[in-house]
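*Asks:* make a model of this:
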Amino acid sequence: MHSSRFLPRPQQKFKSDEKWTELLPYAAEGQVSLDEEMMKKTHLITNISKAPKEWKSDMLELDYRRLARRSSVLLALLAISLSGQQFELTAQEVVPMQTSESRASLENTAARDSPKATTPLQSRFSVTNNTEAWSRLPLQLPELPSWALTLVEPLPKATAALLQLDHLHRAQNPLGAVLSGKLRWAAADAIDCEYARNYAWADLQRAGLSDKELQSFTADTANLSEADRVVSDFARRMTLAANQVTDEEMATLLEMFGPENVVAMVHTLAFANFQYRLFLGLGVQVEPTGPLPPIQLRPDAEAQKSITAPERVIPEGRPAASTTAASTASVGWNQRDPISLELSLDKQKNRSSRIPLPPLDRLDGLSTARKEHAQKVVWSRISYGYQQKLTQSWFDMLQTFYQEAQMDRVFSNSVFWVVTRSNECFY
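*Replies:* Down below sits the predicted model:
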């Protein structure tokens, strides 16, 4: 390492024990040269207590590499010394190596010595505003999936929330892209949703699985590894007959994956089944350029305030509702008296939780209302306690839908009753 590679030809030399205040005028014009011994030192300037505050705050904002290229090496080293950083000099640049201690020192110094408000730099040229600048950039908007194109007119805000939740589950799932993709593919295959099957396959390809590995997972469950077999079986049972999942099966999953991952698996399958039934109901087809990657959407909160869903109008001349259809529910609730239902409810309440309850401090960070709710409702406490982001994102989407859809409460609760009864869900 030689100083001559990047320092200016010396016009005036200084020894290391000279005061920094005497060097500044020369350093600003690149007239200072440092010998190799000085460059190896991590503390060029030790007496920084007398440095003016405005110099300290200015130094903290310096770009060390730019200064090195412009030969103002002493200024760079002064800034490094003020921030408590270590450094090494190469033939091209000054490279600061921040440690946690130096970063804390930097932040503390900035907080203590920086002025409360800084005056923005004046540009030499005219500057447009941010909105106008974006409008003039030749950007290509990502293609939306067919289900979003179907929903965006009647439910624009809920569609945006669904796109965000879709991205979370597909691109940021705490289980990772491979495990979450396998769960979603098995669920799609169980209810024969071709659209979802294609999307899960494409996501697994993006995650790095080869065609051979994908064929192995999707062809015959008998030849799967133990972990893949357990994952596939659990996904299918949760999709087709969740009420038949046993305590023993959950115990096996907990032993293999742990409570955090098991709760994430349940959330992944719950959202997948919600989506897949939506896809089947809408009758969507894979896009000509699809399956599409997940879209990272960042809605503008202010702009969304001006977006409204169309008014809900009850169409005239609706056909009369049929009451002759036979119920497919196997539970004969109409044959049970209130006392037996009460006893059944008490039995359910006294069951031990399959998943250990998380400590209450895992609910920290929730709003007061959601924290109180989670402390009262067991499944909410488990969901928030082990997978707070997945749970909160689901409720955010659901709340957006309810506010925008303006569904009749009697109707929506009646649908909820029918669904829970059909699934034989005790809830």
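*Asks:* how many neighbouring residues does Thr268 have?
*Replies:* Close neighbours of Thr268, defined as other CB atoms under 10 Å, add up to 27. Where C-beta positions appear, they are placed from N, C-alpha and C, glycine not excepted.
*Asks:* give the buried residues for whichever strand or helix holds it.
*Replies:* According to DSSP states H and E, Thr268 maps onto helix 247-282. Residues of helix 247-282 classed as buried: 253-254, 257, 259, 261-273, 275-276, 278-279 (neighbour count, 16 or more other CB atoms under 10 Å).
*Asks:* and what of stretch 349-356?
*Replies:* Quick answer for stretch 349-356 (16+ other CB under 10 Å): Arg354, Ile355.
*Asks:* and that stretch, end to end?
*Replies:* Terminal residues of stretch 349-356 lie 15 Å apart, using CA to CA, to the nearest Å.
*Asks:* who touches it?
*Replies:* Residues outside stretch 349-356 that contact it (CB atoms under 8 Å, 6 or more residues apart in numbering) are Asp247, Met250, Ala251, Leu254, Pro259, Val262, Val263, Val378, Ile382, Tyr386.
*Asks:* which among those residues gets closest to Asp361?
*Replies:* Tyr386 (13.0 Å; CB to CB).
*Asks:* once you drop chain neighbours, what's closest to that closest one?
*Replies:* Val263 (4.0 Å; CB to CB, 6 or more residues apart in numbering).
*Asks:* quick one, what contacts that neighbour?
*Replies:* Ile355, Ile382, Ser383, Tyr386, Gln387 are the contacts of Val263 under CB under 8 Å, 6+ apart.
*Asks:* again, but for Leu179
*Replies:* Asn173, Val231, Asn261, Met265.
*Asks:* rewinding a little: mind checking which of the contacts of Val263 land in helices?
*Replies:* Ile382, Ser383, Tyr386 (DSSP state H).
*Asks:* look up the closest residue to the second one, ignoring the ones flanking it.
*Replies:* So that's Ser383. Thr391 (4.2 Å).
*Asks:* next up, phi/psi of the one you found, please.
*Replies:* Main-chain dihedrals, Thr391, degrees, to the nearest 10: phi -70, psi -50.
*Asks:* gap between it and Lys157?
*Replies:* 20 Å (CB to CB, to the nearest Å).
*Asks:* residues near Ala190, how many?
*Replies:* Count around Ala190 with other CB under 10 Å applied: 19.
*Asks:* do you know how far Leu363 is from Asp189?
*Replies:* Taken as CB to CB, the span from Leu363 to Asp189 is 36 Å.
*Asks:* can you check Arg229 too?
*Replies:* 14 Å.
*Asks:* compute the inter-axis angle for the strand or helix carrying Ala186 and helix 247-282.
*Replies:* Per DSSP H and E, Ala186 falls inside helix 177-190. Using axes from the mean of the first three to the mean of the last three CA atoms, to 10 degrees, the direction of helix 177-190 lies 70 degrees away from that of helix 247-282.
*Asks:* could you pull up the mean pLDDT of helix 177-190?
*Replies:* Average pLDDT, helix 177-190: 96.
*Asks:* ok but Lys157 is inside a helix, no?
*Replies:* Yes: according to DSSP: H, G, I helix; E, B strand; the rest coil, Lys157 belongs to a helix.
*Asks:* compare neighbour counts for Arg229 and Asp189 and give me the winner.
*Replies:* The residue with more neighbours, out of Arg229 and Asp189, is Asp189; 18 against 14, by other CB under 10 Å.
*Asks:* one step back: among the contacts of Leu179, which one sits closest to Arg206?
*Replies:* Once CB to CB is applied, the member of these that ends up nearest Arg206 is Asn173, at 12.8 Å.
*Asks:* my guess is that closest one meets Thr268, correct?
*Replies:* Yes: at 6.4 Å, Asn173 counts as touching Thr268 under the criterion of CB atoms under 8 Å.
*Asks:* next, show the common contact partners of those two.
*Replies:* Ser180.
*Asks:* any idea how far the residue lying closest to Leu269 once chain neighbours are set aside is from Leu137?
*Replies:* Of all residues not flanking Leu269 in the chain, Met238 sits nearest, at 4.7 Å (CB to CB, 6+ apart). Counting by CB to CB, the separation of Met238 from Leu137 is 45 Å.
*Asks:* count the residues that sit near Thr239.
*Replies:* Neighbour tally, Thr239, other CB under 10 Å: 21.
*Asks:* brain fart, Asp408
*Replies:* When neighbours are counted by other CB under 10 Å, Asp408 comes out with 11.
*Asks:* look up how far Val419 lies from it.
*Replies:* Distance from Asp408 to Val419, by CB to CB: 16 Å.
*Asks:* just Ala207 next, same as before
*Replies:* Applying CB to CB to Ala207 and Val419 gives a distance of 32 Å.
*Asks:* report the rounded mean pLDDT for stretch 151-171.
*Replies:* When pLDDT is averaged along stretch 151-171, the result is 94.
*Asks:* let's see that stretch as CSV, backbone CA atoms only.
*Replies:* Provided in CSV are the C-alpha atoms of stretch 151-171 (Å, rounded to 0.1, in the frame of the first residue of the first chain):
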residue,chain,number,x,y,z
LEU,A,151,-62.1,-8.0,-8.3
VAL,A,152,-60.6,-4.6,-8.8
GLU,A,153,-63.8,-2.9,-10.1
PRO,A,154,-66.2,-4.0,-7.3
LEU,A,155,-63.5,-4.2,-4.5
PRO,A,156,-60.5,-2.0,-5.3
LYS,A,157,-59.1,-1.6,-1.8
ALA,A,158,-59.8,-5.2,-0.9
THR,A,159,-58.0,-6.2,-4.1
ALA,A,160,-54.9,-4.2,-3.1
ALA,A,161,-55.0,-5.8,0.3
LEU,A,162,-55.3,-9.3,-1.2
LEU,A,163,-52.3,-8.6,-3.5
GLN,A,164,-50.2,-7.6,-0.5
LEU,A,165,-51.3,-10.7,1.4
ASP,A,166,-50.5,-12.8,-1.7
HIS,A,167,-47.0,-11.4,-1.9
LEU,A,168,-46.4,-12.0,1.8
HIS,A,169,-47.4,-15.7,1.6
ARG,A,170,-45.6,-16.4,-1.7
ALA,A,171,-42.4,-14.2,-1.4
